[in-house]
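1. Kindly return the folded structure for what I paste below:
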Amino acid sequence: MPSLHNLPAPAKINLFLHITGRRPDGYHLLQSVFMLIDWQDTLHIETRSDGHLRRHDLNVALPQDDLCLKAARLLQAESGTSQGCDIHIHKDVPWGAGLGGGSSDAATVLLALNQLWALNWPRARLEALAIKLGADVPFFVRGRNAWVEGIGEAITPISLPTAALNTPLALLKPPIAVPTVAIFGSPVLQRDTKHAIVTDFLAAPQRFGRNDLQAPAEQYSNQYGSQISQALEIMQKRFGNSRMTGSGSTVFSWIPTSTQQAPSFQPADVNLDDHAWVGRVAHGLVHHPLLDLLKPID
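-> Predicted coordinates:
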C-alpha cells in the first residue's frame with residue numbers, strides 16, 4: 001500500500017499577538033504574525049484498504065482521539081473514500097505550549113492523505129476542511145508565514161525579513177499548560193489594542209508589539225507556582241528579551257549575536273533541574289517543509 005515517511009509537522013510562534021476587539025458572539029478579534037519554526041513532530045503514514053483509521057504513538061502517549069485522527073476521519077467522510085490509514089507519530093513539540101503542535105500534526109495528515117488517497121483536492125478545499133478542526137490548522141495547510149487577523153481565519157502570506165528568519169530563537173516551556181478558556185475569560189485580558197499595520201511590523205519584527213494573552217496566562221500560572229513569570233524572567237536575564245507565544249506557556253527570546261555561539265539551549269543551562277521543563281534553540285522557516293513535496297492543486 002502507498003505510504004509516506006518522515007513527514008515534518010513544524011511548530012509556529014506568534015511574533016506578536018494583539019486582541020483588538022470582541023464579536024457579539026463572544027469570539028475575540030486578533031492580529032498576529034505566525035512564523036513557522038524548525039521544532040517539529042515527525043509522522044509516517046501508510047494507507048489501508050479496509051477503511052480503518054489507526055494512530056500509533058512512537059514515543060509520547062497522545063489522547064485517544066487526537067486531532068490527527070479527527071483530521072483523517074473528516075477527510076475520509078468528506079471525500080467518501082473507502083481507504084483508511086495508519087498514522088505513526090513521533091511527538092517532539094510539547095502539548096499545551098502555544099506552538100500549534102497538534103494543529104500542525106492535523107495539517108500534515110490532511111496534506112499527506114490528500115496525496116496518498118489520490119484525492120488531489122485544491123488547497124482552498126483542504127483549508128475549508130481544516131477550519132473545522134481548529135483555528136490554526138488552515139495556517140499549517142497553507143504552509144507560509146502569515147499575517148493573521150479576524151478570529152484567526154483571515155490568513156495573508158507574509159515574507160519575513162531575513163534577519164528574523166536567520167536569528168536563532170531560544171524557547172523555554174515550563175511544565176504548566178494553560179487552558180485557553182481561562183485566558184480568554186480572564187478579567188485582565190486587554191481587548192482593545194489598536195490595529196497594527198504590516199509596514200510597522202516589518203520595520204522592527206523582533207521588537208514589534210506584545211502578546212496580549214501573556215498577562216492573563218501569568219495570572220493563571222501564578223496559582224501554580226508562577227512558572228510562566230519565572231520563564232519570562234529567566235529568558236529576559238539571559239537574552240535581554242522575552243515573550244510568550246500563543247496562549248502559552250512557551251516563552252521565546254531572540255538570541256543576541258554575542259551569544260549565538262551556543263549550539264543548544266536546555267533548562268539546565270539556566271539552572272532548571274526539573275525534567276518537566278523543555279528548552280531548545282530553533283530557527284524560523286521560509287515556508288512549510290511540505291509546501292512543494294505535497295502540493296495540492298491551487
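2. Alpha carbons only: can I get the worst-scoring helix or strand of the chain on mean pLDDT in CSV?
-> In the chain, no helix or strand scores lower on mean pLDDT, DSSP states H and E than helix 180-184, which sits at a mean of 91. Extracted C-alpha coordinates of helix 180-184, given in CSV (Å, rounded to 0.1, in the frame of the first residue of the first chain):
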residue,chain,number,x,y,z
THR,A,180,-7.5,28.6,26.5
VAL,A,181,-10.8,29.2,28.2
ALA,A,182,-9.0,30.6,31.3
ILE,A,183,-7.1,33.1,29.1
PHE,A,184,-9.9,34.4,27.1
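3. Of all the residues in that helix, which ones are buried?
-> Within helix 180-184, the residues scored as buried using 16 or more other Cβ atoms under 10 Å are Ala182, Ile183, Phe184. C-betas here are computed from N, CA, C, even on glycine.
4. Serialize those residues to TSV and add fields for distance to Pro94.
-> Output for the buried residues of helix 180-184, formatted as TSV (distance: Cβ to Cβ, whole Å):
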residue	distance to Pro94
Ala182	18
Ile183	17
Phe184	21
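5. List just the nearest of these to Met35.
-> Ile183 (20.6 Å; Cβ to Cβ).
6. Might you report the residue contacts of the residue lying closest to Thr81 once chain neighbours are set aside?
-> Distance criterion Cβ to Cβ, 6 or more residues apart in numbering; nearest residue to Thr81, sequence neighbours excluded, is Trp117 at 5.0 Å. Counting by Cβ atoms under 8 Å, 6 or more residues apart in numbering, Trp117 makes contact with Thr47, Leu75, Ser79, Thr81, Gln83.
7. so of these, which ones are in helices?
-> Leu75, Ser79 (DSSP state H).
8. Most neighbours among the contacts of Trp117, which one is it?
-> Greatest neighbour count in the contacts of Trp117, by other Cβ atoms under 10 Å, goes to Leu75: 24 neighbours.
9. list the helices and strands the one helix or strand Leu111 maps to packs on?
-> Per DSSP states H and E, Leu111 falls inside helix 101-116. Using 3 or more Cβ pairs under 8 Å, 6 or more residues apart in numbering; DSSP states H and E as the contact criterion, the elements in contact with helix 101-116 are strand 3-22, strand 28-48, helix 67-79, strand 84-90, helix 123-130, helix 137-142.
10. Which positions in the very next helix or strand once past the second one come out as buried?
-> Using DSSP H and E, the helix or strand that follows strand 28-48 in sequence is strand 53-57. For strand 53-57, a neighbour-count test (16+ other Cβ under 10 Å) marks Leu53, Arg55 as buried.
11. Same question for stretch 3-14.
-> Neighbour counts using 16+ other Cβ under 10 Å place Leu4, Leu7, Pro8, Ala9, Pro10, Ala11, Lys12, Ile13, Asn14 of stretch 3-14 among the buried residues.
12. go on, stretch 215-229?
-> The neighbour-count check on stretch 215-229 (16+ other Cβ under 10 Å) flags Ala215, Pro216, Ala217, Glu218, Gln219, Tyr220, Ser221, Ser226, Gln227, Ile228, Ser229 as buried.
13. These in helices, which ones?
-> If you go by DSSP H, the buried residues of stretch 215-229 have Ala215, Pro216, Ala217, Glu218, Gln219, Tyr220, Ser221, Gln227, Ile228, Ser229 in helices.
14. how about the residues you listed in CSV, adding pLDDT and distance to Ala135?
-> What follows is these, written out as CSV (pLDDT from 0 to 100; distance: Cβ to Cβ, whole Å):
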residue, pLDDT, distance to Ala135
Ala215, 97, 21
Pro216, 97, 18
Ala217, 96, 17
Glu218, 96, 23
Gln219, 95, 23
Tyr220, 95, 20
Ser221, 95, 23
Gln227, 95, 25
Ile228, 96, 22
Ser229, 96, 26
